[in-house]
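Asks: dropping the sequence and predicted coords here.
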Amino acid sequence: MKKIGLPILTGFIILLLVYLHQLSILQEKPATDWSRSVNLDVAAEDSEMFVQREEDSSTLFFSGDPVRKVVVNEQLDTTTEELSYSIPDGYSFYVDDQQAIYKKNDELIYATDGKETAILKEIEGMNVSENGVIAWSRHTAYTISPEGKVKSETELPQYIKSGTLTEKGLAFLYVQTDDVNQFLTLDAGKDPVVLYETPLTSGEIYSNLQMIELDNKLTFTYTISATRQGTRVVNTYFGESVAGKEADAQLLKIQNGETGDSFEKPNYFSLIEKDGAAHLLFSANGEISPKRSVISIYEASQQDGEWVASRRSTTEELSIRPISITDQSLVWMDQEKNELVLHGASTDPTVVKSSSSISSDDLTFALYYTFTAIVGMFAMLAFSFGFLILPAVALMYFYFANTTAIEQDKKWVEWTIILLCVASQIIFLPSILDGPFQYLAPSYLTFSGAAYVWPLIIFVVSYMISRVAQDQEWTIMQRTSYQLGLNLGMLIFLLGPYIL
């Protein structure tokens, strides 16, 4: 019983170590002071929402029938309420407890007390901020108060394509002339000011226009998408205008603070102010563990003139639409099956502590990734046959040139075969364990000289188990085969999960 039970127990213990390592990876926080992702248990069919920020909480309004109001505080606690409005999915909208403004066909609608009133007609687009609404037709820009009153109406010779409002009510418009794209600001009662121009290029689509005001500086972003040589190209630009001067805009190149690499195809940008400086929230593909890459949420800030981002989400799902709740917390939408589910992260100590507890999902995912690690064991099994070449040569020599040593059950025969196997491991393991193994494996397998130390440890353990479990009647070849099997089995189970 011992000759079977002890190897099984040893294999189980090693697999348990693999499981605990996978669990520790899942428990890692995205950054030192940030919590892991928290499921807020709020589902939606569409990612469009309107946000009203306050000092220690924010209110999210989700379009649909009816509109849902979700209050999220810094501790990521939520309260949900249904309002007496129905707003079509896919459009920007303004809404609070008493009223709503949204686009319906080509009309701008103001709704209150269950009644809809058309504010404006032949509207091509609209955008909202906490302070009101900006809408536009081909050559006319309108600003509308939360109460549905048209505050300003400005005629422009350029073709208005998009617009947004800052928190202080300044309008920021993207317009086109016959040969250039223009970005201009529009203050009520004043002439528009052109901040920046780009050449007009066929096939380019400008979107996601955003602006914030920082002291005497206007900071803005916009995205250009186009198809070039059959490939879809999406680039986001960051611009600044100081003291009303002409802006300078550059292609956003953001470095991943974890890997040092630049992000490819970041998306869903949200420009926010934090500690008096511009920060960017966005969604991009990145590693959440050495073996797994997913679309995660990142926050970027400027460091020595370079944009550097840190990860904020830890979920295994597609994460999009990041929104700042307060300076210490944010939320986003995760694509789960056929719906979007609200998740969040925070620097609040209570949230950080509670998110570190082990959940049932952690246990399930750790088990799944432990089983997927078994694939690497097959690769290690292939390498293990190479460790048997020298022992096989020695065994052939004994059978053909020194049969007496085997027949007389000489101890040194067993030691020779075993030590040749260990020597093969010490010689070849350093090259096998180079590369991916160094960042996939836990630290107890990757310390300096581990490729030389572990073959010796495995040899000692396999020797002790073989001496306890073997039958006294076994021949020298049975004892040698049993110890070699233990040795290679432990090597495969211990190192194999991290080879691929």
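Replies: Cool, got the structure. Residues are numbered from 1 along each chain as shown.
Asks: how about the helices of the stretch 201-350 of the chain, start to end?
Replies: Assigned by DSSP state H, counting those that start in this stretch, the helices in the stretch 201-350 of the chain fall at 349-355.
Asks: now the end-to-end length of stretch 39-52.
Replies: 21 Å (CA to CA, to the nearest Å).
Asks: that stretch: how far from the chain's middle?
Replies: Distance of stretch 39-52 from its chain centroid, counting by CA atoms, centre = their mean, to the nearest Å, is 18 Å.
Asks: can you give the contact residues for it?
Replies: With contact meaning CB atoms under 8 Å, 6 or more residues apart in numbering, stretch 39-52 is reached by 58-64, 68, 70, 72, 76, 78, 80, 89-96, 128, 130, 320-321, 323, 331, 333, 339-344. Just so you know, the C-beta spots here come from the backbone N, C-alpha and C atoms, and that holds for glycine as well.
Asks: low pLDDT regions in the stretch 151-300 of the chain?
Replies: Nowhere does the stretch 151-300 of the chain drop to pLDDT under 70.
Asks: list the buried residues in stretch 35-47.
Replies: Residues 35, 36, 37, 38, 40, 42, 44, 46, 47 are the ones in stretch 35-47 that count as buried (16 or more other CB atoms under 10 Å).
Asks: strands - which of those residues land there?
Replies: Among the buried residues of stretch 35-47, the members found in strands (DSSP state E) are 38, 40, 42, 44.
Asks: can you give me the neighbour number for residue 143?
Replies: 22 (other CB atoms under 10 Å).
Asks: brain fart, residue 23
Replies: Around residue 23 there are 17 residues (other CB under 10 Å).
Asks: distance of it relative to residue 91?
Replies: According to CB to CB, to the nearest Å, residue 23 stands 44 Å off from residue 91.
Asks: what is the mean pLDDT for the helix or strand hosting residue 400?
Replies: According to DSSP states H and E, residue 400 maps onto helix 389-401. What helix 389-401 shows for mean pLDDT is 80.
Asks: check which residues of it are buried.
Replies: For helix 389-401, burial by neighbour count (16+ other CB under 10 Å) applies to 390, 391, 394, 395, 398.
Asks: next one: stretch 264-275
Replies: 266, 267, 268, 269, 270, 271, 272.
Asks: which among these gets closest to residue 203?
Replies: Residue 203 has its nearest neighbour among the buried residues of stretch 264-275 in residue 267, at 19.2 Å by CB to CB.
Asks: output the ones in strands among the buried residues of stretch 35-47 in TSV, with distance to residue 152 and pLDDT appended to each entry.
Replies: Formatted as TSV, these follow (distance: CB to CB, whole Å; pLDDT from 0 to 100):
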residue	distance to residue 152	pLDDT
38	42	93
40	38	92
42	36	90
44	33	84
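Asks: for the residues you listed, which one is nearest residue 361?
Replies: residue 38 (11.9 Å).
Asks: what sits against the closest one?
Replies: 76, 343, 344, 345, 346, 351, 354, 355.
Asks: separation between it and residue 126?
Replies: From residue 38 to residue 126 the distance is 32 Å (CB to CB).
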